[in-house]
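*Asks:* just coords:
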């Protein structure tokens, strides 16, 4: 779902990913987006070790991995990115210091002109509404997408996105609609802001 960010910023050449997980996202970049410079930030060195041991993760040319706290990394770095992906969790929750208005303003300051923030949230998280409200307080445009087969929502935030949701299908079709085996239109928009949490029955 996060790769739908390339519909909002299709010409992106630099991406910062906060949260390595099993290394799936960097692997897709390596296989299908080798022209994009990817900087991954992971706070726990054990996560890197497990990703390499069990999921075949490696760091190819054009990618970098920093073992650091995501907020501290952005604070120290002077690099600017076309997209910043936030995919960091402590169990079911995003680390609290990465949910604040101050953190989002820091992330926004590390974006290039027209850059976007993409954040992975659990739709049923009890803090979901507050998190959306905080994102809306920082960015002029906030779009929420809900996975059809998951409990995740993807938030796309930008002050000046290259395209609005109404133009996504046309742009996706012009790009072939896919990145590798990822269907960029497989997920539907949940709501334009204000986003209201949708309860599951």
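*Replies:* Here it is on my side, so go on. Treat the numbers as computed from the prediction; the structure is a model and nothing was measured.
*Asks:* Please, where are all the helices along the chain?
*Replies:* With DSSP state H as the criterion, the chain has helices at 5-8, 24-32, 45-55, 70-76, 101-109, 128-138, 168-174.
*Asks:* Tabulate the ones you listed in a markdown table, adding columns for mean neighbour count.
*Replies:* Any C-beta I mention is one placed from the backbone N, CA and C, and that applies to glycine too. Formatted as a markdown table, those follow (neighbours: other C-beta atoms under 10 Å):
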| stretch | mean neighbour count |
| --- | --- |
| helix 5-8 | 23 |
| helix 24-32 | 18 |
| helix 45-55 | 13 |
| helix 70-76 | 17 |
| helix 101-109 | 16 |
| helix 128-138 | 17 |
| helix 168-174 | 14 |
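*Asks:* what about the strands in this structure?
*Replies:* 14-18, 37-42, 63-67, 81-86, 111-122, 141-146, 152-158, 178-179, 182-183, 188-191 (DSSP state E).
*Asks:* Tabulate those strands in TSV, adding columns for mean pLDDT.
*Replies:* As requested, the strands of the chain are exported to TSV (pLDDT from 0 to 100):
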stretch	mean pLDDT
strand 14-18	96
strand 37-42	96
strand 63-67	97
strand 81-86	96
strand 111-122	92
strand 141-146	88
strand 152-158	90
strand 178-179	82
strand 182-183	80
strand 188-191	50
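*Asks:* And these: which comes nearest residue 169?
*Replies:* strand 188-191 (10.9 Å; C-beta to C-beta).
*Asks:* Surely residue 151 is in contact with residue 121?
*Replies:* No - using C-beta atoms under 8 Å, residue 151 is not in contact with residue 121; the gap is 9.7 Å.
*Asks:* Please say which of these two ends up with more neighbours.
*Replies:* Remark: of residue 151 and residue 121, residue 121 carries more neighbours, 21 against 13, as counted by other C-beta atoms under 10 Å.
*Asks:* and the more buried one, bridged to which residues?
*Replies:* In this entry, residue 121 is beta-bridged to residue 153, by DSSP bridges.
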